[in-house]
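Q: Predicted coordinates and the sequence they were generated for:
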Amino acid sequence: MATNSVPNDYQTLLNSHLQEKRTANGGLVSAFDYEAALADDQTEGLLDDQSEQLAAFDVSTLDTREQALAFWNNAYNFFMIQQILTERGEGELVSSVWDYGGRYNPFTDNVFERQMFEIDGRDYSLNEIEKGILLGAEFEEKGWKEARVHFTVNCASVACPPLRESIYTSDNIDELMTENTRLAFNTDRHLRVEGDTLHLTELFKWYEQDFVDEGGSVRGFISQWADEAIVEKVEQTDSIEYIDYDWSLNRPGNFPEFR
């Protein structure tokens, strides 16, 4: 998967089957039409070709922060889509990524832990890509670690920050990390203020330390990247509650905005 040029196969999937919609609050929601992708004769070939490119890709060529961030974000998001389209019990799509195991079936590794996604001749898990690489010690030592990554990797669920129609490149990765974070803060599933209570996506509970390390505090991180109007509302709150994470598959029918 190239980092400066568009990897045509993954980009074609997004162009064909991803739907984006702006919200009244200035946010963004997106859904992937898995049913349409499965009905599309070219999907299987696109998945196979992109997988072959990733398996043969030389990660040592990722020389810069921007190249590395773009590549590993794209790889995570592609593999998640590929997983859902290719592993279907009795031919049916899962209703949630947890249907693969882990939460409801503790005897099966969850989709994030499965070491089955090949890059450069080695099998990775989604957790390795996200937590071990993008948010890992080596990137931190290089100064490449970005808490905004929590708003660019997509776990194929309604509550995830939106998947984007444009893939990440070394030229746009910083702009899109910032934009995705800002758009998420303008979407009620990720941030809303009710009275003096700040309601936040559970990402801020699960990965609190990443946001504290970067922004000094959760509120400090929000102040760095949110619109001024959001920052003013946040400053008027004195308590935080977390929004239940909706793990329903990010297909159009699961979003009121696309019904």
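A: That came through fine. Numbering: from 1, shown residues only.

Q: Give me the below-cutoff pLDDT ranges for this protein.
A: The model of the chain has pLDDT under 70 over residues 1-7, 103-108.

Q: Apply 80 and report the result again.
A: 1-7, 102-109 (pLDDT under 80).

Q: burial of the residue nearest to Gly121 when sequence neighbours are not counted, as a residue count?
A: Spatially, and ignoring its direct neighbours in sequence, Gly121 is nearest to Ala55 (6.7 Å; C-beta to C-beta, 6 or more residues apart in numbering). Quick note: C-beta positions are derived from backbone N, CA and C, even for glycine. Neighbour count for Ala55, taken as other C-beta atoms under 10 Å: 14.

Q: ok, now the one 5 residues further on?
A: Ser60 is surrounded by 7 other residues when neighbours are defined as other C-beta under 10 Å.

Q: Next: Asp33.
A: Neighbours of Asp33 (other C-beta under 10 Å): 17.

Q: ok, it - contacts?
A: His17, Leu18, Gln19, Arg251, Pro252 (C-beta atoms under 8 Å, 6 or more residues apart in numbering).

Q: Can you name the next helix or strand after the helix or strand the residue nearest to Gly121 falls within?
A: Secondary structure from DSSP states H and E places Ala55 in helix 43-56. Going down the chain from helix 43-56, the next helix or strand is helix 65-86, by DSSP H and E.

Q: Distance from the chain centre to that following helix, please.
A: In terms of C-alpha atoms, centre = their mean, to the nearest Å, the centre of helix 65-86 is set 9 Å apart from its chain centre.

Q: in stretch 158-173, what's buried?
A: Of the residues in stretch 158-173, Val158, Ala159, Cys160, Pro161, Pro162, Leu163, Arg164, Ile167, Tyr168, Thr169, Ser170, Ile173 count as buried by neighbour count, 16 or more other C-beta atoms under 10 Å.

Q: for it, the distance to its chain's centre please.
A: Taking mean C-alpha positions (C-alpha atoms, centre = their mean), stretch 158-173 and its chain are 7 Å apart.
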